[in-house]
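> mind folding the following:
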Amino acid sequence: MPLFDHLKAIFSGSRLNVSARFALLREAISGTMSNFYMARDLKTGAIVGLKILDVKKTAAFEARFKGLHKPSEGEIAVCLQHPRIVKTYEHGLTTQRSPYLVMEFLEGPDLNSAIVARDPRLEANRMRYLRQAAEAVAAVHAAGFIHRDVCPRNFMLTDGGENLKLIDFGLTVPARPEFMAPGNRTGAPNYMAPELIRRRPTDQRLDVFAFGVSAYELCTSELPWPRGIDGKAAMTHDRPPTDIYRYCPDLHPVLARAIHACIQPQVSERCPSMAKFLQLVQAVPDSGREETR
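Numbering: from 1, shown residues only. The predicted structure is shown next:
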């Protein structure tokens, strides 16, 4: 190794030299706080997903939790091991001081794209996808976290549409009192629970609400409240939602009731957990429809 490269390696510690370790195979997909690449690991030849976070944006978000010892996105992601959650293999800092994550590469559309395109797989596998999504969020909760960004774009259809997996833990926090205090209003406005938008105390039930909105959209291609692009949209979420039967009159009644239980504006009246949702819908067929209606 040339002397300059040797010294650079010493002073950068174990930081990742992206170009030395990976061949980037596709143009970056830009997210709110990161760029995501399909990459080949030059050590192993494996195709992986490489997520590189924006230093300034990540620091600004983490500053909201100053003094609370919040784990990083990478620290959270690597401890979430479940068949319905994207696998994260490693995390750390690049030589440019950017946080990074190396994860399994998921080939397929996100659920939002499938809904917009009216992918026929959704019609045939509605309940199966909802169960898989619920299992993923339940696993996050069982591990002691709140995802805080549950929405269709954070679920990927993989393996030719056989499986659905939850991604993106950039907004995820521990489910502890100091992280559930009022004030931290982050997430996708169309899926925000009223207590979040009104800056009230929160808990894991805000993910139940966001899941319920996502489930409603999967079944109907519509939202329970008027769609918007900013926080003003979520200000309507403490009003009664549109009855799901307006858009999907042959939906199985058990599933319809379970989805409406998830999107109850009052936290005390909401479905208490993803485990309870799964229990409620255990007998609903994969189509999610009532055959005799």
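> all strands for the stretch 51-200 of the chain, in order.
88-93, 99-104, 145-146, 155-158, 163-166, 173-174 (DSSP state E, counting those that start in this stretch).
> quick one: mean pLDDT for the third one?
Predicted confidence along strand 145-146 averages 98 (mean pLDDT).
> check stretch 109-129 too.
Computed over stretch 109-129, the average pLDDT equals 94.
> where are the low-confidence patches of the protein?
1-13, 230-231, 291-293 (pLDDT under 70).
> what packs against whichever helix in it runs longest?
Taking DSSP state H as the criterion, the chain has its longest helix at helix 120-142. Secondary-structure packing of helix 120-142 (3 or more C-beta pairs under 8 Å, 6 or more residues apart in numbering; DSSP states H and E): helix 111-116, strand 155-158, strand 163-166, helix 205-220, helix 274-280. C-beta here means a position set from N, CA and C on the backbone, and glycine is covered the same way.
> including distance to Ala20, could the strands of the stretch 51-200 of the chain go into TSV?
Below are these laid out as TSV (distance: least, C-beta to C-beta, whole Å):
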stretch	distance to Ala20
strand 88-93	14
strand 99-104	13
strand 145-146	33
strand 155-158	28
strand 163-166	29
strand 173-174	33
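> compare those and give me the one nearest Leu50.
Proximity to Leu50, assessed across those by C-beta to C-beta, is greatest for strand 99-104 (5.9 Å).
> who touches the closest one?
Applying C-beta atoms under 8 Å, 6 or more residues apart in numbering, the external contacts of strand 99-104 come out as 16, 18, 41, 48-53, 55, 58, 72-74, 77, 86-94.
> could you check the angle it makes with strand 88-93?
Going by axes from the mean of the first three to the mean of the last three C-alpha atoms, to 10 degrees, strand 99-104 is angled at 160 degrees with respect to strand 88-93.
> got the CA coordinates for strand 99-104 in CSV?
Taking Å, rounded to 0.1, in the frame of the first residue of the first chain, the C-alpha atoms of strand 99-104 are listed here in CSV:
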residue,chain,number,x,y,z
PRO,A,99,-23.4,7.8,8.2
TYR,A,100,-24.0,4.7,6.0
LEU,A,101,-25.9,1.4,6.1
VAL,A,102,-25.3,-1.7,4.1
MET,A,103,-28.4,-3.8,3.7
GLU,A,104,-30.0,-6.5,1.5
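> distance from that strand to the middle of the chain?
Mean C-alpha position of strand 99-104 versus that of the full chain (C-alpha atoms, centre = their mean, to the nearest Å) differs by 15 Å.
> quickly run through the sheet partners of that strand, with directions.
Strand 99-104 has the following sheet partners, assigned by DSSP bridges: strand 47-53 (antiparallel), strand 88-93 (antiparallel).
> what is the neighbour count of Phe209?
Residues near Phe209, counting by other C-beta atoms under 10 Å, number 25.
> list the contacts for the closest residue to it other than its chain neighbours?
Spatially, and ignoring its direct neighbours in sequence, Phe209 is nearest to Ala193 (3.8 Å; C-beta to C-beta, 6 or more residues apart in numbering). Residues in contact with Ala193 (C-beta under 8 Å, 6+ apart) are Thr202, Arg205, Leu206, Phe209, Ala210, His237, Val267.
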